[in-house]
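J.: Dropping the sequence and predicted coords here.
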Amino acid sequence: MSIHIGAREGDIAESILLPGDPLRAKFVAEKFLENPVQYTSIRNILGYTGTYKGKRISVQGTGMGIPSISIYVNELFQEYGVKRAIRIGTAGSLNENVQLRELVLAMSACTDSNANNVRFGNRNFAPTATFSLLKTAWDIAVSKGWQPKVGTVLSSDMFYGENPDDWKLWSKFGCLAVEMECAELYTLAAKYKREALCILTISDSLVTNESTSAEERQNTFTRMMETALETAIS
């Protein structure tokens, strides 16, 4: 039994979806899973296990930011035998061609976090998705008539930064969107030899200053959820 999740052995499936928002985890469990059972509510970070199309799957909130997702993913990989982890999160567009509510599949993740500097002694590591998951998610989304954007994202430690134009440098070098967790998920998947993917929905745009509501972010980004669920059981 881990410190922050507290589930029993066997409570968590080998494939798991990881929304940052615990209420999005609750929404996924109630809308998509059959017979969902809540296995944790420690710190109100909710986790559920059920079945989707006959296959066992879990969904676990991770909180916001690299330090928070690092805690949950370390415990899921080390203590509960999770083999496949798919983040389902929101992101801000850094590119004029990436529009509100579009899907983004993160092929790789840049970061301004110091976590990997500490981990690798100021050497650079390139956090990258598992290709088989990336291809599967792409094929599933396209088969449904959705055209996801695929490329590099930025995992930032700062939501409210000091320089309001800082995002433009990342955009110049091709980053599609900014979020706060993907780089750590991919790094830990590499460390523990697990599969990982980050599927994002654009909730706002730093280019146009458009945004969606908190309720929309929690309850309406179902294309991302369906793509992740189908990928997880493939």
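T.: That came through fine.

J.: okay, CA-based contacts and neighbour counts for the rest of this
T.: Will do.

J.: Tell me how far the spatially most central residue of the chain lies from Q147.
T.: Centroid check for the chain by Cα atoms, centre = their mean gives R87 as the closest residue, at 2.1 Å. When distance is defined by Cα to Cα, to the nearest Å, R87 is 19 Å away from Q147.

J.: what does the model give the residue nearest to the centre of the chain for pLDDT?
T.: We have a pLDDT of 98 for R87.

J.: other SSEs contacting the host helix or strand of it?
T.: Assigned by DSSP states H and E, R87 falls within strand 84-93. With contacts taken as 3 or more Cα pairs under 8 Å, 6 or more residues apart in numbering; DSSP states H and E, strand 84-93 sits against strand 15-18, strand 177-179, strand 195-205, helix 222-233.

J.: quick one: which of those is nearest P36?
T.: Closest of the helices and strands packed on strand 84-93 to P36 is strand 15-18, at 13.1 Å (criterion: Cα to Cα).

J.: Please save the CA atoms from that closest one in CSV.
T.: The C-alpha trace of strand 15-18 is given here as CSV (Å, rounded to 0.1, in the frame of the first residue of the first chain):
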residue,chain,number,x,y,z
SER,A,15,-3.5,0.2,-18.0
ILE,A,16,-4.4,3.6,-16.5
LEU,A,17,-5.6,7.0,-17.6
LEU,A,18,-4.1,10.0,-15.8
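
J.: could you give the mean pLDDT of it?
T.: Strand 15-18 comes out at a mean pLDDT of 98.

J.: and if you look at stretch 42-58?
T.: Averaged over stretch 42-58, pLDDT sits at 97.

J.: can you list contacts of it?
T.: Contacts with stretch 42-58, where a contact means Cα atoms under 8 Å, 6 or more residues apart in numbering, come from 4-6, 11-17, 22-23, 25-26, 29, 32-41, 59-63, 229, 232-233.

J.: just the buried members of the residues you listed?
T.: 5, 11-17, 22-23, 25-26, 29, 32-34, 36-41, 59-63, 229, 232-233 (16 or more other Cα atoms under 10 Å).

J.: that older thread, turn the helices and strands packed on strand 84-93 into JSON lines, columns for distance to C110.
T.: Below are those laid out as JSON lines (distance: least, Cα to Cα, whole Å):
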{"stretch": "strand 15-18", "distance to C110": "19"}
{"stretch": "strand 177-179", "distance to C110": "9"}
{"stretch": "strand 195-205", "distance to C110": "13"}
{"stretch": "helix 222-233", "distance to C110": "21"}
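
J.: Quick check: helices, which of the contacts of stretch 42-58 are part of them?
T.: Those of those mapping onto helices are 22-23, 25-26, 29, 32, 229, 232-233, per DSSP state H.

J.: Looking at these, which is nearest E162?
T.: Of all those, the one with the least separation from E162 (Cα to Cα) is P22, at 28.2 Å.

J.: Find the residue closest to that closest one in space, skipping its chain neighbours.
T.: G61 (4.3 Å; Cα to Cα, 6 or more residues apart in numbering).

J.: Next up, phi/psi of that neighbour, please.
T.: When quoted as degrees, to the nearest 10, the phi and psi of G61 stand at phi -70, psi 150.

J.: that older thread, so the strand holding R87 versus helix 222-233, what angle?
T.: On the basis of axes from the mean of the first three to the mean of the last three Cα atoms, to 10 degrees, strand 84-93 is oriented at 160 degrees to helix 222-233.

J.: Pull strand 84-93 out as CSV, backbone CA atoms only.
T.: Extracted in CSV, the C-alpha atoms of strand 84-93 (Å, rounded to 0.1, in the frame of the first residue of the first chain):
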residue,chain,number,x,y,z
ARG,A,84,0.6,1.5,-19.6
ALA,A,85,-0.1,5.1,-18.6
ILE,A,86,-1.9,7.6,-20.8
ARG,A,87,-2.2,11.2,-19.6
ILE,A,88,-5.5,13.0,-20.6
GLY,A,89,-5.0,16.7,-19.9
THR,A,90,-5.6,20.2,-21.1
ALA,A,91,-3.1,22.5,-22.8
GLY,A,92,-2.6,26.0,-24.1
SER,A,93,-2.0,26.4,-27.8
